[in-house]
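Trainee: Build the 3D model from these lines:
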Amino acid sequence: MNPRPTFMLSATDFSPRSDEAATVAAKLAQRRTEKLRLVHATDALRSGAAGTLTARLEAEAARLRALGGEVEPLLV
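Mentor: Okay, the predicted model is just below:
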């Protein structure tokens, strides 16, 4: 069994600092040839804001993919 994880995890709140941290995580994941899981946790899913949040998360994932790595956005 491989003791190393096959992915890295980065949380985002869509702030500029969070964007900077996600950029570092994406570059590190790419160097390690691992997938980056970009996560935004919210309780707004019940309020109908999921569509807007999903779009923002997808846009951030696309920005990070442009750096050359594999990014999986997750809204939880």
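
Trainee: The spatially most central residue of the chain sits in which helix or strand?
Mentor: Central residue of the chain (CA atoms, centre = their mean): Leu38, 1.6 Å from the mean position. Using DSSP states H and E, Leu38 sits in strand 35-40.

Trainee: and what of Arg63?
Mentor: Using DSSP H and E, the element containing Arg63 is helix 50-65.

Trainee: for the helix or strand just after that helix, what is the average pLDDT?
Mentor: Later in the chain than helix 50-65, the nearest helix or strand by DSSP H and E is strand 71-75. Strand 71-75 shows a mean pLDDT of 97.

Trainee: Can you work out which other helices and strands pack against strand 71-75?
Mentor: In terms of contacts (3 or more CB pairs under 8 Å, 6 or more residues apart in numbering; DSSP states H and E), strand 71-75 is packed against strand 35-40, helix 50-65. C-beta: built from backbone N, CA, C; applies to glycine.

Trainee: got the buried residues for the first one?
Mentor: Neighbour-count burial for strand 35-40, counted by 16 or more other CB atoms under 10 Å, picks out 35-38, 40.

Trainee: Could I get the average pLDDT for that strand?
Mentor: Averaging pLDDT along strand 35-40 gives 98.

Trainee: between that strand and strand 71-75, how many degrees?
Mentor: Inter-element angle recorded for strand 35-40 and strand 71-75: 30 degrees (by axes from the mean of the first three to the mean of the last three CA atoms, to 10 degrees).

Trainee: Run the angle between strand 35-40 and helix 50-65 for me.
Mentor: 150 degrees.

Trainee: Can you tell me how far Thr6 is from Glu72?
Mentor: Using CB to CB, to the nearest Å, Thr6 is found at 11 Å from Glu72.

Trainee: where in the chain is pLDDT low?
Mentor: Along the chain, the parts satisfying pLDDT under 70 run over 1-5.

Trainee: still on that earlier bit, list the buried ones in the helix holding Arg63?
Mentor: Those buried within helix 50-65 under the rule 16+ other CB under 10 Å are 57, 60-61, 64.

Trainee: and which of those is nearest to Ser10?
Mentor: Leu64 (8.6 Å; CB to CB).

Trainee: which SS state does the closest residue to that closest one other than its chain neighbours fall under?
Mentor: Closest residue to Leu64 apart from its sequence neighbours, by CB to CB, 6 or more residues apart in numbering: Ala26 at 4.2 Å. Here Ala26 is recorded as helix under DSSP: H, G, I helix; E, B strand; the rest coil.
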